[in-house]
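**Q** Please work out how this folds:
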Amino acid sequence: MKYFSLCAVLLFFLILPYMVNAESVSANNLNSVRSKKDELICVQIHEKIKKNQEIRKFVTTSIQMGYDACGIIKCAIKGGANVKQVIAGAIDAGSTKDIVSRCALDAGAEAKEVAGILSGIAEPGVCYYLPEDPEIIASPPAGTRDGFLSPSGF
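**A** Below is the predicted model:
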């Protein structure tokens, strides 16, 4: 019985470090796979830029496929892509303006240029109309008491 408990304790102490190490290795593998995918997409973006191809559709598609929007924006702008195309592509993919502006500025884009581009891009469903002159309402008909007109009398 003592032999069995001694073996169980030793086995536990031998397995425990392996389990902890195995978990960290799988997390590192996941991060390295993600890093390799990000590097690969960045290389493809740089190739498109070198060939002077339109980058807007590529940025939109990459973000929609699940790549990190900020990573795509930074890679494209650092690679020398047209900032307007990059921002428009990111907005088309559904990225919000605050994320796009932060990532573009982090990549080294000019703040005035980014603000100008973002102000020119309309968001669907967001419209503002200036109020019109108020409609002039005629005074109530003569013969009403105290000047009030009740809707119950109609």
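**Q** CA atoms for contacts and neighbours, from now on please.
**A** Fine.
**Q** so where do the helices sit in the chain?
**A** 2-50, 56-64, 69-78, 83-92, 97-106, 111-120 (DSSP state H).
**Q** give the contact list for V100.
**A** 70, 73, 87, 90-91 (C-alpha atoms under 8 Å, 6 or more residues apart in numbering).
**Q** cool, and C75?
**A** Here C75 is in contact with 42, 45-46, 107 (C-alpha under 8 Å, 6+ apart).
**Q** Just the closest of those to V83, please.
**A** Of all those, V83 sits closest to A107, with 10.3 Å by C-alpha to C-alpha.
**Q** low pLDDT regions in the chain?
**A** Within the chain, the segments meeting pLDDT under 70 span 1-34, 122-154.
**Q** Kindly recompute the last result at 80.
**A** Residue ranges of the chain with pLDDT under 80: 1-35, 121-154.
**Q** what's around K48, how many residues?
**A** Residue crowding around K48 was assessed by other C-alpha atoms under 10 Å; the count is 17.
**Q** Quick check: chain neighbours aside, which residue is closest to it?
**A** Distance criterion C-alpha to C-alpha, 6 or more residues apart in numbering; nearest residue to K48, sequence neighbours excluded, is I55 at 6.8 Å.
**Q** so that neighbour touches H46, yeah?
**A** No - between I55 and H46 there is no contact, the gap being 9.7 Å when judged by C-alpha atoms under 8 Å.
**Q** Tell me if I'm right that I117 and K84 touch.
**A** Yes - using C-alpha under 8 Å, I117 is in contact with K84, at 6.3 Å.
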